[in-house]
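Engineer: Next one to model:
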Amino acid sequence: MPPVIHAPAPERHKLSTMFFIVGMALGLWNINLSSVLAAHGYAAAIIDNVWCTSAIAAIISPLIVGALADQSYSSERVLRWLGLGAAIFVCLLFYGIHERWHGGVIILLAQVHALWCAPSFGLATSLVISRLADAKSQFGPIRVWATLGWMLAGPVVSYVLHSDDGVTSGFTAAGVWLIAISFTFTLKPMPPPERKEKRTWSDFLGLEAWSLLRHRDHRVVFVGAALFNIPLAAFYPHTALHLKELGVQHTTALMSLAQIMEAIGLLALSWLLTRVRLKWLFLGGIAAGVLRYGLYAHGTVVSLCLGIALHGVCFTLFYMTAQIYLEHRIPAAMRSRAQALLSLMMSGIGNFIGYQGCGWWRHACMSDGHMDWQTYWTGLAALIAVIWVWFSLSYRGRHNV
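Structural biologist: From the prediction side, this is the model:
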């Protein structure tokens, strides 16, 4: 196993810059996708199915990519392949939307694009963590740059590209992916921690990662990530639609409030990790989800803005804590696959059930073309409250093992 790099300041700056570029590449097309599809005449069912493609991809590709990075190729090399595929297919997807291709073709293009895109952020996270001597203190200040990249994408789409409902954001995302690919060549190469010349189908598919679920706390964290992501899947597809109904313009820029709070949370995460048990950080993130949708249910622009801000708190306290948990509780030779399994559970299983379930729930809350947003968000808040109770009773932590 290669030694951990005690990343000097110039190396940490490179890792921060790479996170920033990847975060912006993902944010440029993601934040306004629902608005773009709706503006080009695609029905709500197609919009829901397009979002589901990312969840399907997150079930298929992360474990395979994680296994490649653990056993065959360096993480930066695999990230280059992913970035190139993402750049090509995000261009095709947004060109197809602009030309108003058939909804089935758009869903297919979105699916192929998602297969390249879904593993990218988990792999970037693993790449960064593997180069840090003390992830608890160093990861937060570096990871915040991905949030800043995503956050800057909102104002860029709204005020620079003037593309809240247009396809320019997708083409710009492709260009930023090419910059990310170029930047990976500046990073010091690291060989995979467990090189295998002969790989079985189980190795190729990353199936060994599922063995992590045998451990009680690992299982609770992975399953909890999937469950929590089911109601959270409503955030990007449906928040912007609610804001539009309230008469808000430039919704893409307003959604960046989530990333502002996420950035603040990430900067505070190092301090919290050394003073607060992981269990209470997990539960704090879930509780913030209950409060966020409770504010949404109030149904005013101000309450929605406060709820959007709490998205960053939910994300940081639960998902960033989960990534640090994996770094400290999983053997080094399995960490890329563990991060990939986390992506599969939250972005794959959780999002797939969430996009489908929240889409069904939204249709159930409509009557005569009018959306009952109060009932919709209240139902999701109640679901998160149930998840909070289950997690509090199930997770033990090292102090209780």
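Engineer: so where is the stretch 51-200 of the chain shaky, pLDDT-wise?
Structural biologist: By pLDDT under 70, the low-scoring segments of the stretch 51-200 of the chain are 66-73, 135-136, 191-200.
Engineer: Pop out the phi and psi values for Met371.
Structural biologist: In terms of degrees, to the nearest 10, the main-chain angles of Met371 are phi -90, psi 130.
Engineer: Just the helices from the stretch 1-150 of the chain, written as ranges.
Structural biologist: 9-30, 33-39, 44-71, 75-98, 103-117, 120-129, 135-155 (DSSP state H, counting those that start in this stretch).
Engineer: Hey, what's the angle from the fifth one to helix 9-30? Just curious.
Structural biologist: Okay, so that is helix 103-117. For helix 103-117 against helix 9-30, the angle by axes from the mean of the first three to the mean of the last three C-alpha atoms, to 10 degrees is 170 degrees.
Engineer: what do you get for the fourth one?
Structural biologist: Angular relation of helix 75-98 and helix 9-30 on a 0 to 180 degree scale: 20 degrees, by the same axes, to 10 degrees.
Engineer: Relative to the whole chain's centre, how far out is helix 75-98?
Structural biologist: Offset of helix 75-98 from its chain centre (C-alpha atoms, centre = their mean, to the nearest Å): 17 Å.
Engineer: Same check on the fifth one?
Structural biologist: Its chain's C-alpha centre and that of helix 103-117 lie 17 Å apart, by C-alpha atoms, centre = their mean.
Engineer: gap between the nearest residue to Cys305 once chain neighbours are set aside and Gly397?
Structural biologist: Spatial nearest neighbour of Cys305, excluding adjacent residues (C-beta to C-beta, 6 or more residues apart in numbering): Leu257 at 6.1 Å. C-beta here means a position set from N, CA and C on the backbone, and glycine is covered the same way. Per C-beta to C-beta, to the nearest Å, Leu257 is found 32 Å from Gly397.
Engineer: ok, these two, which is more surrounded?
Structural biologist: In terms of neighbours (other C-beta atoms under 10 Å), Leu257 is the more surrounded of Leu257 and Gly397; the figures are 20 against 14.
Engineer: what sits against the more buried one?
Structural biologist: By C-beta atoms under 8 Å, 6 or more residues apart in numbering, Leu257 lies in contact with 305, 308-309, 312.
Engineer: Next, the buried residues of the helix or strand harbouring Leu304.
Structural biologist: Assigned by DSSP states H and E, Leu304 falls within helix 301-314. By neighbour count on 16 or more other C-beta atoms under 10 Å, the buried set for helix 301-314 is 303-304, 306-314.
Engineer: Just checking, which of these comes out lowest on pLDDT?
Structural biologist: Checked by pLDDT, those have Gly312 as the lowest-scoring entry (81).
Engineer: Any idea how many residues pack against the residue nearest to Gly23 when sequence neighbours are not counted?
Structural biologist: Excluding its sequence neighbours, the residue lying closest to Gly23 (C-beta to C-beta, 6+ apart) is Gly149, at 3.1 Å. Applying other C-beta under 10 Å, we find 25 residues neighbouring Gly149.
Engineer: Distance check, Gly149 against Cys358.
Structural biologist: In terms of C-beta to C-beta, Gly149 sits 26 Å off from Cys358.
Engineer: and stretch 333-352, which residues are buried?
Structural biologist: Result for stretch 333-352 [16+ other C-beta under 10 Å]: buried residues 334-352.
Engineer: again, but for stretch 362-377
Structural biologist: 362, 365, 371, 373, 376-377.
Engineer: how near is Ser336 to Leu33?
Structural biologist: Ser336 is 28 Å from Leu33, by C-beta to C-beta.
Engineer: any idea which of the buried residues of helix 301-314 is the one closest to Ala253?
Structural biologist: Distance to Ala253 across the buried residues of helix 301-314 (C-beta to C-beta) is lowest for Ile308, with 11.3 Å.
Engineer: pLDDT score for the closest residue to that closest one other than its chain neighbours?
Structural biologist: Nearest residue to Ile308, sequence neighbours excluded (C-beta to C-beta, 6+ apart): Leu257, at 4.6 Å. The model reports Leu257 with a pLDDT of 81.
Engineer: Give me the residue at the spatial middle of the chain.
Structural biologist: Ser347 (6.5 Å; C-alpha atoms, centre = their mean).
Engineer: How much space separates that one from Gln339?
Structural biologist: 11 Å.
Engineer: ok so, going back, which members of the buried residues of stretch 362-377 are positioned in helices?
Structural biologist: Counting by DSSP state H, the buried residues of stretch 362-377 place 362, 373, 376-377 in helices.
Engineer: May I ask which two of the residues you listed are separated the most?
Structural biologist: Arg362 and Trp377 (10.4 Å).
Engineer: Report the contact partners of Ser182.
Structural biologist: Contacts of Ser182 (C-beta under 8 Å, 6+ apart): none.
Engineer: likewise the one 5 residues further on?
Structural biologist: Leu187 sits next to 14-15, 18, 76, 127 when contact means C-beta under 8 Å, 6+ apart.
Engineer: Give me the phi and psi for it.
Structural biologist: Main-chain dihedrals, Leu187, degrees, to the nearest 10: phi -80, psi 150.
Engineer: Looking at the contacts of Leu257, spot the one nearest His328.
Structural biologist: Distances from His328 to those, taken by C-beta to C-beta, are shortest for Gly312, at 23.2 Å.
Engineer: Can you verify my assumption that the closest one contacts Ser256?
Structural biologist: No - the criterion here is C-beta atoms under 8 Å, and Gly312 misses it with Ser256 at 10.0 Å.
Engineer: How many residues are close by the closest residue to Met18 other than its chain neighbours?
Structural biologist: Once flanking residues are discounted, Met18 sits nearest to Phe183: 5.6 Å by C-beta to C-beta, 6+ apart. For Phe183, the neighbour count with other C-beta under 10 Å is 19.
Engineer: Many thanks, we can stop here.
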